[in-house]
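A.B. asks: give me coordinates for this.
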Amino acid sequence: MIEATASAPSKFVILGEHAVVYGEPSLTLAIDLRFRVRLRYSDAFRVNGQTASNRNTSPHMRYLYDLHGGKPVSAYVESDIPSGSGLGSSAALSVAFAAALQALEGQPLDRAAVAKDAYEAEYYAQGRGSPMDTSTSAAGGGVALNMPHRKEDLLWTISKEDRTWEVSRFDTPPMTFVLGNTGIRAATGPLVDKVRRYRESNSFAAGIVDEIGDVTRDGLRALRAGDLDELGALMTYDHKLLSILGVSCPELNSLVDAALPYSYGAKLTGSGGGGCMVALTDRPQQVAKAILAHGGTPYIVHTGVPGVTVSTREAGQKQRHRGRGHHGEKKNVDSRR
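C.D. replies: Here you go, the predicted model:
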């Protein structure tokens, strides 16, 4: 019996969250917290040994399962990624599950197809959003949406209703970031909907969304120039803009303020309302200690993490791997454990 295993990374947003929903650009990096899915054909759809139903199965998995014909599979899933943290846990699940289904059907790894299927699963589950998270999890490294790019850097194009996103890769200088998790779980959908209502009812909010797009374009120029001072300043300014949109919270603001004395810049990352912030720094230990002191859980992460990978094997045989990439590293420096 063939068994397929897929592993997909989480991500964080350097710049552009929320505005990307409206066609503005975004910049994201894959990080070495991963979702893993192991699949084999079965007599019924099961997840971690339990018979799956519409009530107790992730809508992302249910969508992809039906998309691939609904042939019964047994799925085992595990994750390093804290859910509801702004690190793309549902996107990594969707990407890993889509890639594992693809491999189980005997197809070679097609990251573009995986990214598109996973985005449709995200859209089905949330009813809104961009392909930012799923594309980053599929491709790995640094991913830009709707940015000027060289022809060879275009990864794929994804369209939904009246919007089209060009997904491209971008090179990043060696950088160290520290993520700080507030421990507050916040669903993406309601926060995206909150910004939508604010933007539609208030021209000032619409202007803030446009300004986030301008900041993101400036951020890519700073990245290409290796100007970490400028990039950090843009991150901090972006946090202020996101706060004006109402998607920050006191806990995120506290961690951002704690990190800033030791950082080039810091901001919330993801949809907000809780979850994580991120700081760009060359003093990661000091930032980590500051985050700990203010009640957060820090993770030191670096650039260069591979996207989705898959492997297959017959029972009793070694796995055959597909998909290569550069490896990053992750450290959880919560000294309370």
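
A.B. asks: contacts, neighbours, all on C-alpha from now
C.D. replies: OK.

A.B. asks: roughly how far out does the helix of greatest length in the chain sit from the chain middle?
C.D. replies: Scanning the chain for the helix with the most residues, using DSSP state H, yields helix 203-225. Averaged C-alpha coordinates place helix 203-225 at 19 Å from its chain's average position (C-alpha atoms, centre = their mean, to the nearest Å).

A.B. asks: can you give me the buried ones in it?
C.D. replies: By neighbour count with 16 or more other C-alpha atoms under 10 Å, helix 203-225 contains the buried residues 205-206, 208-213, 215-217, 219-220, 222-223.

A.B. asks: export that helix to PDB, keeping only CA atoms.
C.D. replies: Included here for helix 203-225 are C-alpha records, laid out as PDB according to Å, rounded to 0.1, in the frame of the first residue of the first chain:
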ATOM      1  CA  SER A 203     -12.700  57.000   3.000                       C
ATOM      2  CA  PHE A 204     -10.000  57.500   5.600                       C
ATOM      3  CA  ALA A 205      -9.700  53.700   6.200                       C
ATOM      4  CA  ALA A 206      -9.600  53.200   2.400                       C
ATOM      5  CA  GLY A 207      -6.700  55.600   2.300                       C
ATOM      6  CA  ILE A 208      -4.900  53.700   5.100                       C
ATOM      7  CA  VAL A 209      -5.200  50.400   3.100                       C
ATOM      8  CA  ASP A 210      -3.700  52.200   0.100                       C
ATOM      9  CA  GLU A 211      -0.900  53.500   2.200                       C
ATOM     10  CA  ILE A 212      -0.100  50.000   3.400                       C
ATOM     11  CA  GLY A 213       0.400  49.100  -0.200                       C
ATOM     12  CA  ASP A 214       2.800  52.000  -0.700                       C
ATOM     13  CA  VAL A 215       4.800  51.000   2.400                       C
ATOM     14  CA  THR A 216       5.000  47.400   1.100                       C
ATOM     15  CA  ARG A 217       6.500  48.600  -2.200                       C
ATOM     16  CA  ASP A 218       9.000  50.700  -0.300                       C
ATOM     17  CA  GLY A 219       9.800  47.600   1.800                       C
ATOM     18  CA  LEU A 220      10.700  45.500  -1.300                       C
ATOM     19  CA  ARG A 221      13.100  48.200  -2.400                       C
ATOM     20  CA  ALA A 222      14.700  48.200   1.000                       C
ATOM     21  CA  LEU A 223      15.100  44.400   0.900                       C
ATOM     22  CA  ARG A 224      16.700  44.500  -2.500                       C
ATOM     23  CA  ALA A 225      19.100  47.100  -1.300                       C
END
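
A.B. asks: list of residues touching that helix?
C.D. replies: The list of residues contacting helix 203-225 from outside it, by C-alpha atoms under 8 Å, 6 or more residues apart in numbering, reads 15-16, 18-20, 24-27, 147, 171-173, 198-200, 228, 230-231, 234, 238, 241, 244-245.

A.B. asks: now these: which count as buried?
C.D. replies: Here the buried ones among the contacts of helix 203-225, as counted with 16+ other C-alpha under 10 Å, turn out to be 15-16, 18-20, 24-27, 147, 172, 199, 228, 230-231, 234, 238, 241, 245.

A.B. asks: what's the first helix or strand after the host helix or strand of Ala138?
C.D. replies: In this structure, Ala138 is located in helix 132-139 according to DSSP states H and E. Along the chain past helix 132-139, the next helix or strand (assigned with DSSP H and E) turns out to be strand 142-145.

A.B. asks: tell me where the stretch 151-300 of the chain has strands.
C.D. replies: When secondary structure is read from DSSP state E, counting those that start in this stretch, the stretch 151-300 of the chain shows strands at 154-160, 163-169, 176-181, 265-269, 276-280, 297-302.

A.B. asks: in CSV, list these along with distance to Ala139 and mean neighbour count.
C.D. replies: Written out in CSV, the entries for the strands of the stretch 151-300 of the chain read as follows (distance: least, C-alpha to C-alpha, whole Å; neighbours: other C-alpha atoms under 10 Å):
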stretch, distance to Ala139, mean neighbour count
strand 154-160, 8, 15
strand 163-169, 8, 20
strand 176-181, 20, 26
strand 265-269, 19, 32
strand 276-280, 21, 30
strand 297-302, 16, 23
